Every structure is written in C-alpha cells, then in structure tokens.
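J.: pasting a predicted model and its sequence here:
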Amino acid sequence: MSKPEVINRLTERQRACLELVALGFTSKQIARKLGISHSTVDNHVLAATQLLGVADRREAGRLVATYRQELPRHAAELTDNENSAIVDLQGTWTHPSSAGLKLLPPVGGEVNEQTLGHKTVQIVSIAFLSTVAVIAMALLISGAFKAFS
C-alpha cells in the first residue's frame, strides 16, 4: 500500500495530531489546542506511527505534512486556512502580558515563556504566601491547644 493511501486511512484526529507534531508542538500543546488530554494525543500519535510504519512521531509528522497536499478531504471545498484538520494556530498561543503582576503564577504554558524577572517575582510571591500560610496554621494550632487545655 502506498504512503498516500496509508495516510488517507488515518483518522482526522490522528492527522491533526501529526500535522501539529510536524509544526513542532509537544503533546501537551497539541492537547490544549485540540481540547483533549496529552495521553490521548500520545495514543493517536502512536496508532498513526504504527499504521504508517515509521520509527518515530517526527517522521510520521513529516510524512503527513509532505503528502497533505495530495490527500482528499472529507469536507467540501474549504478555504486554505480551513484546509487542515487544525484550525487557527496563530491566534491560539499567547504570550504573557506585562500589564500587571498576578498574585499566583500561571499554571502550565510553554517552557521559558516568562522573563527571568517575572519568574523571580513569581517564586518570591509563592515563598511569601507559603510562609504566611505556615504562620497562620501555627497560630491556629497553638490557639486550639490553648483553648482546650
């Protein structure tokens, strides 16, 4: 069976995952983009890699990206921006704004997304909040001992 025929047997989700792999996205980034878990992304990529008979996810991604232009689409005529199983990559990933400091750091995101200064402020913020929490718990426990003795 030729490679385009094998690629055509991939599901839309497998194809979408591999197209994002070809663009250099990690499983966690792909999961956020597609609204699924990163383990589901890994399962789709693994199944597609086995179906394509390639060594790794990068090779599978390159293969799908190479043959993508030749593959028939299931949907009717789409615009170039919609001609992929993935949609609107440019608007999805945003960079942190320096509009103001937040009390707690963001959860997740890309590695090295923040400047060193922002990271330092976030670390100090977490250390301060942790210290306040420990002191509050110590006062609460000592007050409880005094009340019951």
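T.: Nice, thanks for sending it over. Numbering: from 1, shown residues only.

J.: give the buried residues for the top helix by length along the chain.
T.: As assigned by DSSP state H, the longest helix anywhere in the chain is helix 116-148. Using 16 or more other CB atoms under 10 Å as the test for burial, helix 116-148 gives His118, Gln122. (Each C-beta comes from the backbone N, C-alpha and C, glycine too.)

J.: now swap in stretch 7-17 and tell me
T.: Those would be Ile7, Leu10, Arg13, Gln14, Arg15, Ala16, Cys17, for stretch 7-17 by 16+ other CB under 10 Å.

J.: helix or strand: which one has the third one?
T.: In this assignment (DSSP states H and E), Arg13 forms part of helix 12-22.

J.: could you list every helix and strand in contact with that helix?
T.: helix 27-34, helix 38-52, helix 57-67 (3 or more CB pairs under 8 Å, 6 or more residues apart in numbering; DSSP states H and E).

J.: minimum distance to Gly143: which of those helices has it?
T.: helix 27-34 (43.5 Å; CB to CB).

J.: ok and the closest one relative to helix 38-52, angle-wise?
T.: 100 degrees (axes from the mean of the first three to the mean of the last three CA atoms, to 10 degrees).

J.: what average pLDDT does helix 27-34 get?
T.: When pLDDT is averaged along helix 27-34, the result is 92.

J.: helix, strand or coil for Phe25?
T.: The three-state label given to Phe25 by DSSP: H, G, I helix; E, B strand; the rest coil is coil.

J.: next, count neighbours for the nearest residue to it once chain neighbours are set aside.
T.: Computed as CB to CB, 6 or more residues apart in numbering, the closest residue to Phe25 that is not its neighbour in sequence is Lys33, at 7.1 Å. For Lys33, the count of nearby residues is 19 (other CB atoms under 10 Å).

J.: ok, Lys33 touching Val21?
T.: No. In this structure Lys33 lies outside contact range of Val21 using CB atoms under 8 Å: 11.5 Å.

J.: now stretch 24-38: buried residues?
T.: Applying 16+ other CB under 10 Å to stretch 24-38 flags Phe25, Ser27, Gln29, Ile30, Ala31, Arg32, Lys33, Leu34, Ile36 as buried.
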